[in-house]
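Asker: Provided below for reference: sequence and predicted model.
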Amino acid sequence: MGDASVLTATELEERLLRFTRERLAEREVADAITVDTLLFEDRVIDSLKVLELIAFLQSALGRKIPDAQIVLANFRSIATIARVFTNGEPIAIKRVRRGPAIGGRGKREEGRAGTNGKREIQRLGANAAPLGARLQSGVSEMLARRELEVTPDGGLIMRGSAASLRDYFDSTVYGWALELGATEETFPAEIPLATLGRAGFTTAFPEKLVFTGTPGDESARPPAVCYHHYPCVSDSTLEGGESIVTAIGRCYRNEHDPNSVHPEERLAAFTMREIIAVGDVALVEKLRNELMVRVRLWLNELSLRGHIEIASDPFFTNESRGRMLMQQMLPLKYELRLRVDADGRSVAAASFNNHQQHFGRAFSILLPSGEHAHSGCVAFGWERWVIAFVNQHGPDEESWPDVVRSKNVANV
């Protein structure tokens, strides 16, 4: 049957590495995976594979892992898993021998930076010139020239080349959306409080609500574009099993501080382009993955410095203990952060969100199978893109990369 044995961290690493290479990873990248590979950031593990990994780990340990231990920090890499669940010491377990372990730990990757942010910065904007002292001066000059202007109510007016740059960014992502099969939608400048309540926003983020200012009005300003879309497909079975739409709109959040050092970086009103998918989990993850790849390539093309990282705040939140296991484990939100000064300060300029079935359940959106739909969105905040771009490349078009100037940005 089995025998009492001792499992060391090294042995657990070996078993997990073999399982990951053989069962979880895509064949073309399996051999490159090491114990230090970041399982989520490097897209080895997705929402369809994480439960297999947990089940295998429980089998290897000979015990059930408490839900409280199934958090992203404990599963960043195979080396992390082995260290956390053996405490760095051999553990006695009951196990069935299934054959010899693989022969080695695998070659560790060379030159991996100590943090995810630093590692990603090496990949994004690799073609960028040295940043130098010009970083952060671009926005100041555009503010002085009134091509950018922070309004008293916390908006940012863009004129001239700044406005043209924003339009160029948006037309690029709009083109991506159409290539991915999205249809365009147009939404109003306010949204019913009942919709935000059904979505859970009024409970999760009441302090961020911006009201219309009309006494007795049951509406608010939209905090994100995608909240408009779910009522369009609510209380129904999704025709064809999926929906991909895109929209641009003004969004409002009570986050602006006019007395901050950089009031233009956190606004009360801003422009957001979203691509929204409603369907099964595969559709949502395919959309997120595809757009993260496109953004990475685009940043290199634009010579923009930045990094994509797992965000600490999901698109929606529920601090109750009843969170689903997958919600505890999966990175539901990635953020693109763009550099805005020479000291490494950055702003979140895009997010890649997996809502799981949160909005499918909240708005009773069903798949043909009868299951609640999954949803996800990828959102781009154009004011922050413009701020990061002109801080990195300067306010004058002649200093911008050829790929931008070749689009005749000033005439868009």
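Answerer: That came through fine. Numbers count the residues shown, from 1 in each chain.
Asker: give me the helices and strands touching the helix or strand where residue 383 lies, please.
Answerer: Assigned by DSSP states H and E, residue 383 belongs to helix 382-393. Secondary-structure packing of helix 382-393 (3 or more Cβ pairs under 8 Å, 6 or more residues apart in numbering; DSSP states H and E): helix 137-144, strand 156-158, helix 160-179, strand 269-279, strand 333-339, strand 346-356. C-beta coordinates here come from the backbone N, C-alpha and C atoms, glycine included.
Asker: pull out the buried residues from the next helix or strand along the chain from it.
Answerer: Heading C-terminal from helix 382-393, the first helix or strand you meet, by DSSP H and E, is helix 402-405. Residues of helix 402-405 classed as buried: residue 404 (neighbour count, 16 or more other Cβ atoms under 10 Å).
Asker: next: stretch 253-266.
Answerer: 253, 256, 262, 264, 265, 266.
Asker: with secondary structure as added columns, please give the residues you listed in JSON lines.
Answerer: Shown next, in JSON lines, are the buried residues of stretch 253-266 (DSSP: H, G, I helix; E, B strand; the rest coil):
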{"residue": "253", "secondary structure": "coil"}
{"residue": "256", "secondary structure": "coil"}
{"residue": "262", "secondary structure": "coil"}
{"residue": "264", "secondary structure": "coil"}
{"residue": "265", "secondary structure": "coil"}
{"residue": "266", "secondary structure": "coil"}
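Asker: and which of these is nearest to residue 395?
Answerer: residue 264 (13.3 Å; Cβ to Cβ).
Asker: for the closest one, give me its contacts.
Answerer: Each residue near residue 264 by Cβ atoms under 8 Å, 6 or more residues apart in numbering is listed here: 139, 143, 148, 150, 156, 383, 387.
Asker: just give me the neighbour total for the second one.
Answerer: Neighbour count of residue 143, defined by other Cβ atoms under 10 Å: 16.
Asker: same deal with the fifth one?
Answerer: Here the count is done by other Cβ under 10 Å, and residue 156 has 26 residues near it.
Asker: and the gap between the residue nearest to residue 400 when sequence neighbours are not counted and residue 304?
Answerer: Nearest residue to residue 400, sequence neighbours excluded (Cβ to Cβ, 6 or more residues apart in numbering): residue 393, at 5.1 Å. According to Cβ to Cβ, to the nearest Å, residue 393 and residue 304 sit 8 Å apart.
Asker: now do the shared contacts for the two.
Answerer: By Cβ under 8 Å, 6+ apart, residue 393 and residue 304 have no common neighbours.
Asker: next up, the contacts around the residue nearest to residue 400.
Answerer: So residue 393 contacts 138, 303, 399, 400, 401 (Cβ under 8 Å, 6+ apart).
Asker: try residue 141
Answerer: Neighbouring residues of residue 141 by Cβ under 8 Å, 6+ apart: 394, 395.
Asker: same question, residue 208
Answerer: 223, 253, 254, 255.
Asker: hmm, 6 Å instead?
Answerer: 253, 254 (Cβ atoms under 6 Å, 6 or more residues apart in numbering).
Asker: can you check the pLDDT for it?
Answerer: Reported pLDDT at residue 208 in the predicted model: 91.
Asker: again with residue 159
Answerer: 95.
Asker: out of the contacts of residue 393, which is most surrounded?
Answerer: Highest neighbour count within the contacts of residue 393: residue 138, with 24 neighbours (other Cβ under 10 Å).
Asker: tell me which helix or strand residue 295 sits in.
Answerer: Element membership for residue 295 (DSSP H and E) is helix 281-302.
Asker: show me the shaky parts of this structure.
Answerer: When residues are selected by pLDDT under 70, those of the chain lie in 1-5, 46-48, 88-136, 312-330, 406-412.
Asker: output the helix or strand hosting residue 309 in PDB with nothing but the alpha carbons.
Answerer: Remark: residue 309 resides in strand 306-310, with elements defined by DSSP H and E. Output in PDB follows, covering the C-alpha atoms of strand 306-310 (Å, rounded to 0.1, in the frame of the first residue of the first chain):
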ATOM      1  CA  GLY A 306       6.600  50.100 -17.900                       C
ATOM      2  CA  HIS A 307       5.700  46.700 -16.400                       C
ATOM      3  CA  ILE A 308       2.700  44.500 -16.000                       C
ATOM      4  CA  GLU A 309       2.100  43.200 -12.500                       C
ATOM      5  CA  ILE A 310      -0.500  41.400 -10.500                       C
END
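Asker: who does it pair up with?
Answerer: Partner strands and pairing direction for strand 306-310 (DSSP bridges) are strand 333-339 (antiparallel).
Asker: now the angle from the strand it pairs with to helix 281-302?
Answerer: Going by axes from the mean of the first three to the mean of the last three Cα atoms, to 10 degrees, strand 333-339 is angled at 10 degrees with respect to helix 281-302.
Asker: pull out the buried residues from strand 333-339.
Answerer: For strand 333-339, by 16+ other Cβ under 10 Å, it's 333, 334, 335, 336, 337, 338, 339.
Asker: which one of the residues you listed is nearest to residue 297?
Answerer: Nearest to residue 297 among those, with distances taken as Cβ to Cβ, is residue 336, at 12.7 Å.
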